[in-house]
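[1] no sequence on this one, just coordinates:
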C-alpha cells in the first residue's frame, strides 16, 4: 500500500479531506441535537460509537471480500472494484445469501443516508443564514434544499462523482485552517469555563418573591403555568423591557454607556452595558420554543393539547442560561440583571484568561491597565 500504489493519496487523504468538508454541516447539526449533553457524553455518542461501528463494518465486509478473493478464488472482484467502485458493494452481495433482499435494503439505507445528510446540511445553512433562528419559514428552508441539490446535480452532470468529490476536497483545504483555529478557541473557552464554574457557581432560579414560606400556592401556580407564545411575548414587552429601561437609566447616571433594544425579528429584549473598550455586559431575554413534554400536553378532552412549550429564557454573551424568566415580577427581573452583572464583574476579576488586562485595586478606585476606570 505504501510502495506500489497510490492508496495513501487517493483513499486515506481523500477521506481526511472529505471528513473536513462535512464538518461544518454535521458538526453544527449534531451540536443542535445534543443540547444539554456533557462533553463526555458527546464524545462517546458521536465519536467513539460510530468509530467502533466503522471498525465492525470494515472487519466483516472487508474481510469477507478478502476471503472471497484469496481463498474462494473470486479474483474477478478485483477488476470489478477497480473499474467501478460505486458497484463494489453490490458485486460482493451477489456472492452472499438473500442477494435481492440485502441489495434492496442497502439501496434503502443509501437513500436514507443522502436524505438525512441533505436535510441536516440544509437545516444548518438555513439557520446560519437566518442568524441562528430555527423557526424559519418553509420556503426559505426549501430554497436551500433546492440550491444544494442543484449544485450537486450540476457537478455530477459536468464531471461525474469525481467532480463532486473534487469540489468537496477543494473546500476542505481552507476550512482545515479554520478547524485548527477552532481547536485553540475551544481549549481557551474550556479554560475560561473552568474559571467561571469556580467563581460563580449555580444558584436557585426561582423568583425571589416566591421564596417566602407563605408563597407556596404561588409557587405551584408558577410551576404548572403553561404560557402561550402570545403571553410570553407580552411578558417580554410589558415586564422585561420596562425593567431593563429602569436598570439602564440608573447605570447611565453613574457614567456607563447603556442601550436597550427590542428585536421583533428574533423576539428578544436586549440590555447592553459598556465601560470603555473592555467591559461589555450583555443581558438578553428571548422567546424560546420547545417541544412540550408528555405531561404538559395531557389536557382535558374538550381542549386541544398545546404542542409547544414557550419560555422567556435568559441569554448572556456566553450563551443561553437555560432558565425561564416568565413569571418574574419587575423587581425580580431587575435583581436578576444585577446579579448576573455582579457575577460578570467578579468573573473578569478572577479569570486571567478572559481579558488581556488585569484589574488592580487602589485606595479610591479600581483601574484597568489600559486606562478605563471602574468606581468602587
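    Right, received. Where do you want to start? From a predicted model like this one, the values you see are computed outputs, not experimental measurements.

[2] ok, residue 74 - how many residues close by?
    By the measure other CB atoms under 10 Å, the count of residues near residue 74 is 17. Any C-beta I mention is one placed from the backbone N, CA and C, and that applies to glycine too.

[3] do the one 3 residues further on as well
    For residue 77, the count of nearby residues is 18 (other CB under 10 Å).

[4] now swap in residue 284 and tell me
    Residue 284 has 21 neighbours, counted by other CB under 10 Å.

[5] is it true that it touches residue 319?
    No. Taking CB atoms under 8 Å as the definition, residue 284 is not a contact partner of residue 319, at 10.3 Å.

[6] So, low pLDDT: which residues of the stretch 251-376 of the chain?
    Counting by pLDDT under 70, the ranges of the stretch 251-376 of the chain that qualify are 278, 292-307, 350-376.

[7] biggest strand in this protein by residues?
    The single longest strand within the chain, with elements called by DSSP state E, is strand 279-291.

[8] May I see the buried residues of it?
    Within strand 279-291, the residues that count as buried by 16 or more other CB atoms under 10 Å are 279, 281, 283-288.

[9] Against which helices or strands is that strand packed?
    Identification of packing neighbours for strand 279-291 by 3 or more CB pairs under 8 Å, 6 or more residues apart in numbering; DSSP states H and E yields helix 229-235, strand 268-275, strand 308-316, helix 330-350.

[10] Which parts of the stretch 151-300 of the chain are helices?
    Taking DSSP state H, counting those that start in this stretch to define them, one finds helices in the stretch 151-300 of the chain at 216-224, 229-235, 241-253, 294-297.

[11] Would you single out the least confident of these?
    Among the helices of the stretch 151-300 of the chain, helix 294-297 carries the lowest mean pLDDT, a mean of 61.

[12] List the residues that contact residue 258.
    Applying CB atoms under 8 Å, 6 or more residues apart in numbering to residue 258 gives the contacts 248-249, 251-252, 271-274.

[13] Please name the nearest non-neighbouring residue to it.
    If the residues on either side of it in the chain are set aside, residue 258 comes closest to residue 248, at 4.1 Å by CB to CB, 6 or more residues apart in numbering.

[14] Same question for residue 228.
    Using CB to CB, 6+ apart and skipping residues adjacent in sequence, the residue nearest residue 228 is residue 310, 6.4 Å away.

[15] ok, now which ones touch that neighbour?
    Neighbouring residues of residue 310 by CB under 8 Å, 6+ apart: 227-229, 231-232, 287-290, 326.

[16] ok, back up a step: looking at the helices and strands packed on strand 279-291, spot the one closest to residue 59.
    Between residue 59 and the helices and strands packed on strand 279-291, the shortest gap by CB to CB is with strand 308-316, which sits at 44.6 Å.

[17] Partner strands of that closest one and their direction?
    Strand partners for strand 308-316, identified by DSSP bridges, are recorded as strand 279-291 (antiparallel), strand 319-324 (antiparallel).

[18] which parts of it are buried?
    Going by neighbour count (16+ other CB under 10 Å), the buried part of strand 308-316 is 309-315.

[19] What's the separation between residue 185 and residue 192?
    Residue 185 sits 10 Å away from residue 192, going by CB to CB, to the nearest Å.

[20] Which one's more surrounded, these two?
    The neighbour comparison of residue 185 against residue 192 (other CB under 10 Å) goes to residue 192, with 15 against 11.

[21] State the distance from residue 52 to residue 64.
    19 Å.

[22] Compare these two (neighbour count), which wins?
    Between residue 52 and residue 64, counted using other CB under 10 Å, residue 64 has the larger neighbour count: 13 against 10.

[23] for the protein, what spans make up the strands?
    Using DSSP E, the strands assigned to the chain run over residues 257-263, 268-275, 279-291, 308-316, 319-324, 359-361, 365-368, 373-375.

[24] Of all the ones you listed, which one comes closest to residue 153?
    Across those, the minimum distance to residue 153, taken as CB to CB, is reached by strand 279-291, at 34.3 Å.
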